[in-house]
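Peer 1: After the sequence you'll find the predicted model.
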Amino acid sequence: MVNKIEIFTKDGMLLASWEVEKDICQKFSLLKDEEIVFEIVGMLIVNLKEETGMEFTPNMILNELSKVVVCGREIKI
């Protein structure tokens, strides 16, 4: 199992990728696809707010993504 999260833009480019602990992958494996996407989008919103000071809505983020890959599990947006 690949212990990382990858986020891809609408045009298929890798936007972000980071490694996670094995226990994070185990927690994500218990969630439905929609729940995983909600968690990832929530993390992005928090990080973007800290980095840019700008507020983003979940729809703003989702409109820019094509898929996320969480611990080898591909979820199309």
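Peer 2: Okay, I see it.
Peer 1: any idea how far the residue sitting furthest away from the middle of the chain is from residue 27?
Peer 2: What lies farthest from the middle of the chain is residue 53; by C-alpha atoms, centre = their mean that is 19.7 Å. Separation of residue 53 from residue 27 (C-beta to C-beta, to the nearest Å) stands at 30 Å. Placement of C-beta: from N, CA and C, glycine included.
Peer 1: Residues contacting the lengthiest helix in the chain, please?
Peer 2: Scanning the chain for the helix with the most residues, using DSSP state H, yields helix 33-52. By C-beta atoms under 8 Å, 6 or more residues apart in numbering, the surrounding residues in contact with helix 33-52 are 5, 7, 28, 31, 54-58, 61-62, 68, 70, 73, 75, 77.
Peer 1: quick one: average pLDDT of it?
Peer 2: In this model, helix 33-52 carries a mean pLDDT of 95.
Peer 1: Could you pull out the buried residues of that helix?
Peer 2: 36, 37, 39, 40, 41, 44, 45 (16 or more other C-beta atoms under 10 Å).
Peer 1: The chain: strands as residue ranges?
Peer 2: 4-9, 14-19, 65-70, 73-76 (DSSP state E).
Peer 1: looking at it, residue 74 is touching residue 8, isn't it?
Peer 2: No - in terms of C-beta atoms under 8 Å, residue 74 does not count as a neighbour of residue 8; the distance is 9.3 Å.
Peer 1: Now for those two: what residues contact both?
Peer 2: By C-beta under 8 Å, 6+ apart, the residues touching both residue 74 and residue 8 are 67, 68.
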